[in-house]
Structures are given as structure tokens and as C-alpha cells.
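K.L.:
Give me coordinates for this.
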Amino acid sequence: MITIKNAKVLCREAMEVQKLNIIIQDNEIVELTPRGTKGRVIDGQNCVAAPALINSHVHIGDSVAKDVGDGEPIEKIVKPPDGIKHRILGETSSEEMRNSMRNSMKEMLQTGTTTFVDFREGGVEGIEILENASKNIPIRKIVLGRHAAFQESKDLNEIKEAATEILNHCDGIGLSGFGEIKDEVAELIVETCDEIGKISAIHVAEYFKLQSESLNIHGKTEIQRAVDAGFKLLIHMTEPMDNDLETVGMSNATVVSCPRSNGALSVGIPPIKAMLDHGLNVALGTDNMMFNSPNMFSEMQYSLKVTRGFYKTHIDPLEIFKMATVNPANALGIET
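P.N.:
Below is the predicted model:
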């Protein structure tokens, strides 16, 4: 048993600051008490004890391509299957990929992140590379895979089989976006994830062009299509339009905002305050490791200041901190 004593403790979902002792047994918090101690005592004087940080969206494989493509249009950098990053991933050896991933996971731990959600390219092989890379690293990973059949096949039965195969190896499915798949495929993938009790996620509305094209072709925004399909995690939402925020607010979806990535790729500033005003559950992710470190303190700092600057009003730092802790924990069903 371990007792952390004298720290300022950010308690429960409200993150109330209290002077409490934290008693830990077998790596789990078992008691918060004003005075009691058990086992080895760690003095937390002048420290803050808080929930561990959660990085809700990364592409950890991109660790092999630091700063490559900076200044190019976003489609040229990240659009599958021929974007700069996808060509690099295809040319990189498994060993080099593993080493880069390990370094990124160690950096997360060193900066307070104990859980990350990875959009894992490369099918089952890509998932296995991450599994091997994470051996002996004490970090929780939530892996959302994908399969080439999602884009290439026109046979829904084949796509269903591919989704089931992927889900046997990971925690859910993370899709690149509606530009690469049809709505019926998206709905089938969500349905398959729901049947097995796993996570469905998709990039949506990362920049204006995607939204306008979706409206012109389908009569709906990407966000409306994602909610209609039933996705649980909506990544980015930098450019909501019309009634998008109300639509998400009435669903059970969580938005994962990636402000530093949006800034690095010159696509905009996510409307975080408007999301909160509409009652959305918002989480934060560092996204593309080509341009961003996986440091959640950097993400929180940037998110707070750019949001204050964008809206010209005060935003409580506590709301930003919740986006890196309790908000994603609730969305992902994990106890942190």
C-alpha cells in the first residue's frame, strides 16, 4: 500500500481542490481521507494530484515522418492512399516503425499521459507492430484499426468480414473520413462495432472544403452523416455548419478536438467554446505526430489560449483540463 500525503487533490468529475490523502493498494486508489495513512508514505507537499492524462487521438505511426510535408496542402500530406505520410509509412520497415512508436509512448509517459487512442493504419499487421512496440511500456493504449477493404471493396459482405477480422485484434475502428468510404459502408462498420461492443470513430469536418463538398453531393454535412451513422467519436469538427452542433448535442457522440494539429495544417481553430455551450462532451488529442509532440500539456495550453483569443473571452482552464481527463474517460468507459 502507498499513501500520497499533503497534496492538493483534484477530486472526482468536478475536479474540486481538496487537501486529502490518497491511499493506493495494488495500483488502484481505494480511499481518499483527510488524515489516515497506510503503507509507504509519499509526501505530496506543494504538488497537485490529478487524474492521469488521456490523449484521445493520435496517429502514432506518423512518428517516423517528423516535419515531412510541412507547408503542403493538407490533402497532399494526409489523404489516403497516396498522401505523403501514407507513402512514407509504406516504405518504412517494421523495426523502424516500432522504434519510433516506442519513443513516442515514452514521451507520453514522461509528460503525464497514461492512455492514448491510436488510429492504426496497416490492417492487422499495423496493429501487431504497435502491440510489439508497446511491450514492457506501462501505458494503456486504445487501438482503432482499419482495413483496406473499407475503401477498395464494393461487396458489403466482404466489408463486414473485414470489419469483424479487424475487431478481433483491436478496440474499435477508426476511419479516415467520408471522402474514402460510402455512407452504407460507414453504417455497416458502426453496426458491426456496436454488435461486438467496440468503438467506432471517424474524422469529420476537419476543414471547410470537406463540409461544402458533402453538402453539395449528399445534401448533408459530414457531421450530420456521422451522427446518422452512429459513430461514437467524431475527430476534429473544426468547421461545423448549420445545425451541426445541435445535432451532435442530441447524440451520444464525443468530439475529439485537435487544435495544434489544425493550426499546424492551416485549417482553422476548432470552436471549443461553442461546443461546450451546446453541451457537447469534448476531448483533446494531439493527432498527427508528423507535426506535433504527443505532449498533452502543450495541447492544453494551446487550446486554452487560442480559444480565449478566438472568442475574446475568458475560458476556465478547468474545462480544458477535463478534456484531457474525465471527459474522454467517460466517453471511453475507462476508470482513471
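
K.L.:
Least confident secondary structure element in this structure?
P.N.:
Sorted by mean pLDDT, DSSP states H and E, the helices and strands of the chain end with helix 84-91, the least confident at a mean of 77.

K.L.:
Please spell out which residues along the following helix or strand past it are buried.
P.N.:
Later in the chain than helix 84-91, the nearest helix or strand by DSSP states H and E is helix 94-110. With burial defined by 16 or more other CB atoms under 10 Å, the residues of helix 94-110 counted as buried are Met97, Arg98, Ser100, Met101, Arg102, Ser104, Met105, Met108. All C-beta atoms are positioned from the backbone trio N, CA, C, and that covers glycine.

K.L.:
show me the contacts for the third one.
P.N.:
The one in question is Ser100. Ser100 makes contacts with Gly61, Ser63, Val64, as judged by CB atoms under 8 Å, 6 or more residues apart in numbering.

K.L.:
hang on, the earlier thing: so for the least confident helix or strand of the chain, what gets flagged as buried?
P.N.:
Within helix 84-91, the residues scored as buried using 16+ other CB under 10 Å are Ile84, Lys85, His86, Ile88, Leu89.

K.L.:
Relative to Thr113, how far out is the third one?
P.N.:
Right, the one you point to is His86. To Thr113, His86 is 26 Å away according to CB to CB, to the nearest Å.

K.L.:
now the last one
P.N.:
Look at Leu89 and Thr113: by CB to CB, they are 23 Å apart.

K.L.:
what does the second one give?
P.N.:
Counting by CB to CB, the gap between Lys85 and Thr113 amounts to 22 Å.

K.L.:
and what of the fourth one?
P.N.:
Using CB to CB, one gets 24 Å for the distance from Ile88 to Thr113.

K.L.:
Met296 too?
P.N.:
5 Å.

K.L.:
what do those two both touch?
P.N.:
Listed as contacting both Met296 and Thr113 by CB under 8 Å, 6+ apart are Leu53, Ile54, Asn55.

K.L.:
rewinding a little: I'd like to know which of the buried residues of helix 84-91 is nearest to Gln151.
P.N.:
Taking CB to CB as the measure, Gln151 lies nearest His86 of the buried residues of helix 84-91, at 11.7 Å.

K.L.:
My read is that the closest one contacts Pro80, right?
P.N.:
Yes. Applying CB atoms under 8 Å, one finds His86 in contact with Pro80, separated by 5.3 Å.

K.L.:
Can you pull the residues that touch both of those two?
P.N.:
What both His86 and Pro80 touch, as defined by CB under 8 Å, 6+ apart, is the set Glu121.

K.L.:
Keeping just the C-alphas, turn stretch 192-206 into PDB.
P.N.:
Taking C-alpha atoms only, stretch 192-206 is exported to PDB below (Å, rounded to 0.1, in the frame of the first residue of the first chain):
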ATOM      1  CA  THR A 192     -20.500  -4.200 -36.600                       C
ATOM      2  CA  CYS A 193     -18.700  -2.300 -33.800                       C
ATOM      3  CA  ASP A 194     -21.900  -1.900 -31.800                       C
ATOM      4  CA  GLU A 195     -22.700  -5.700 -32.100                       C
ATOM      5  CA  ILE A 196     -19.300  -6.500 -30.600                       C
ATOM      6  CA  GLY A 197     -19.300  -3.600 -28.100                       C
ATOM      7  CA  LYS A 198     -16.400  -1.800 -29.600                       C
ATOM      8  CA  ILE A 199     -15.600   1.900 -30.500                       C
ATOM      9  CA  SER A 200     -16.500   3.500 -33.900                       C
ATOM     10  CA  ALA A 201     -14.700   6.700 -34.800                       C
ATOM     11  CA  ILE A 202     -14.300   8.900 -37.900                       C
ATOM     12  CA  HIS A 203     -12.600  12.100 -39.000                       C
ATOM     13  CA  VAL A 204     -15.200  14.700 -39.800                       C
ATOM     14  CA  ALA A 205     -15.300  18.400 -40.900                       C
ATOM     15  CA  GLU A 206     -11.600  18.900 -40.500                       C
END
